[in-house]
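K.L.:
Here is my input, please return the structure:
(one chain, ligands or ions: 1)
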Amino acid sequence: MTGFYRQGAALVCDGVPLAAIAATHGTPLYVYSAATIAERYRAIDAAFAGYPHSIHYALKANSTLAITRLLRSLGSHADANSGGEIDVALRAGILPSHIVFTGVGKTSAELGYAIDLGVRSINVESAGEIERIDALSGERQVRTKIAIRVNPDVDARTHPHISTGLKTNKFGIPIGDVRALVAVTRGRPNVEVVGLHAHLGSQITTMEPLARGARALVDLARELATDGVRIEHLDIGGGLGVSYDGSPVPGPAEYAAAVLPILRESGLAVVLEPGRHIMAPAGVLLTSVVDIKSGFVVMDAGMTEIIRPMMYNAFHRIEPVVVTDADPLTADIVGPLCESSDTLGKNRTVPRPRVGDLYAVLDAGAYGSVMASNYNRRLLPAEVMVEGGEARVIRRRQTLEDVLALET
Ligand SMILES: Cc1ncc(COP(=O)(O)O)c(C=O)c1O
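P.N.:
All right, here's what the predicted structure looks like:
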């Protein structure tokens, strides 16, 4: 068995007790299962087998170097959202030709970097960005491959803060404007339109919006072909969700069944940018109880370690690492920060805890550690990966010296 499960009363990661890992490395602590990352990557790859596809793991979900390296070793390419993420991809051994560069506000310095590297495509967000890429490529006397990020105005039916494919969202170029824009872009000497891209949002658990997104791209590619524009790939973004409460949700097989029949009509290679689906269930955040007061259990991790509950009202299961037979207690499980909204979970029932008890915030592997901050002068948590029965540190705990080194 792989991942996080119970052996008797104890929660383990790939057979290694989480209590032992916390005893060695302290809390707050992120723990990842290498086996789960591999399984979940391979499940997506298998679902799209038989059709030309490449998986560009969305680094924004979790770009710790060891995790990025592991995914590269499995065959993953990268979706980078900043110059920093491009750098991490390269340091992890991912080739420039295996990187797509996305992002709503790429600076000219970042664009120049991607152009110099010759990434697979820059996913462009506006006519102005195309103009800048053309000029920067002209200075370098190169032709840069771009994909047009289309805003298809499809409701992903997810939390509004992680919806990106509606015309009210800041992302992409309105679908109705793309043909005219491509016609103008064809006249530019230093850019080549090689793809269409759409990312509707994240944590999508109904397949119909994803199918509509694929349909929009396939129809647009057909229209471009009638205009004489032949592209190479369709990038359908990420978005496939996970179950945060344990209820069943569609997985890679259902996703492929929804989009592949549509994509096949185009005959074009498909680019996938999954992040959350691979990483969320592959990580937990371990945290210790520091205080218990009326209605509240106060932990040593909060919004600085995992901001998702506060930012998206996200639900995460929070479980004792070792279940006890203490009487149940219903309380809000909160963090230590000086913010009323610093809550990990509201109205949770747990065995009455004691100070020092260890808890796990489940499904914390995506958009967890990457969003951690130093607010209240707190220090970034350490990260550990369990692989082959051993837990090794993949990011050491930050020290105050690390933080103050930047200051005068
Ligand atoms: C352009 C793009 N691609 C891929 C992703 C990854 O999405 P997810 O983690 O839902 O798979 C995101 C995340 O929002 C994104 O903005």
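
K.L.:
near the ligand, which residues of this structure?
P.N.:
Residues of the chain found near the ligand, taking Cβ under 6 Å from any ligand atom as the criterion, are 58, 60-61, 79, 102, 164, 199, 202, 237-240, 273-277, 366. To be clear about C-beta, it is placed using only N, CA and C from the backbone, and glycine gets the same treatment.

K.L.:
what do you get if the cut-off is 5 Å, keeping everything else the same?
P.N.:
By the rule Cβ under 5 Å from any ligand atom, the part of the chain lying against the ligand is Ala58, Ala61, Thr102, His199, Ser202, Gly237, Gly238, Gly239, Glu273, Pro274, Gly275, Arg276.

K.L.:
can you tell me which of these are in strands?
P.N.:
Ala58 (DSSP state E).

K.L.:
hmm, which two among the residues of the chain next to the ligand are most spread apart?
P.N.:
Pairwise distances among the residues of the chain next to the ligand were taken by Cβ to Cβ; the largest, 15.2 Å, belongs to Thr102 and Arg276.

K.L.:
The two: which is more packed in?
P.N.:
When Thr102 and Arg276 are compared on other Cβ atoms under 10 Å, the one with more neighbours turns out to be Thr102, at 28 against 24.

K.L.:
residue contacts, that one?
P.N.:
Thr102 makes contacts with Asp79, Ala80, Asn81, Asn123, Arg149, His197, His199, Glu273, as judged by Cβ atoms under 8 Å, 6 or more residues apart in numbering.

K.L.:
which secondary structure elements does the longest helix that the chain contains contact?
P.N.:
Using DSSP state H to assign secondary structure, the helix with the most residues in the chain is helix 207-226. Other helices and strands packing on helix 207-226, by 3 or more Cβ pairs under 8 Å, 6 or more residues apart in numbering; DSSP states H and E, are strand 144-151, helix 178-185, strand 191-197, strand 233-235, helix 252-266.

K.L.:
Quick one: closest of those to Lys346.
P.N.:
Comparison of these against Lys346 by Cβ to Cβ identifies helix 252-266 as nearest, at 30.7 Å.

K.L.:
Buried residues of the closest one, list them for me.
P.N.:
Of the residues in helix 252-266, Pro252, Tyr255, Ala256, Ala258, Val259, Leu260, Ile262, Leu263, Ser266 count as buried by neighbour count, 16 or more other Cβ atoms under 10 Å.

K.L.:
And stretch 111-127, by the same measure?
P.N.:
Of the residues in stretch 111-127, those scored as buried under the neighbour-count criterion (16+ other Cβ under 10 Å) are 111-115, 117, 119-125.

K.L.:
out of everything not next to it in sequence, what's closest to the residue nearest the centre of the chain?
P.N.:
The residue lying closest to the centre of the chain (Cα atoms, centre = their mean) is Ala61, at 2.4 Å. Using Cβ to Cβ, 6 or more residues apart in numbering and skipping the chain neighbours, the partner closest in space to Ala61 is Gly275 (3.0 Å).

K.L.:
correct me, but the one you found touches Ala58?
P.N.:
Yes: in this structure, Gly275 is within contact of Ala58 by Cβ atoms under 8 Å, at 3.2 Å.

K.L.:
So Ala372 sits against Thr304, correct?
P.N.:
Yes: counting by Cβ under 8 Å, Ala372 sits close enough to Thr304 to count as a contact (6.0 Å).

K.L.:
Now do the closest residue to Tyr57 other than its chain neighbours, the pLDDT please.
P.N.:
With sequence-adjacent residues excluded and distances taken as Cβ to Cβ, 6+ apart, Tyr57 is closest to Ser76, at 4.4 Å. The score at Ser76 is 98. That number is its pLDDT.

K.L.:
for the record, mean pLDDT for the longest helix of the chain?
P.N.:
Model confidence over helix 207-226 averages 97 on the pLDDT scale.

K.L.:
residue in the stretch 101-250 of the chain nearest to the ligand?
P.N.:
Relative to the ligand, the nearest point of the stretch 101-250 of the chain is Gly238 (2.5 Å; Cβ to the nearest ligand atom).

K.L.:
Quick one: residues contacting that residue.
P.N.:
Ala58, Ala61, Asp79, His199, Ser202, Leu272, Glu273, Pro274, Gly275, Arg276, His277.

K.L.:
again with Ala211
P.N.:
Under the contact definition (Cβ under 8 Å, 6+ apart), the residues listed for Ala211 are Ala258, Val259, Ile262.

K.L.:
how near is the first one to Lys293?
P.N.:
Just to be clear, that refers to Ala258. Relative to Lys293, Ala258 is positioned 48 Å away (criterion: Cβ to Cβ, to the nearest Å).

K.L.:
now the second one
P.N.:
The gap separating Val259 from Lys293 is 49 Å, by Cβ to Cβ.
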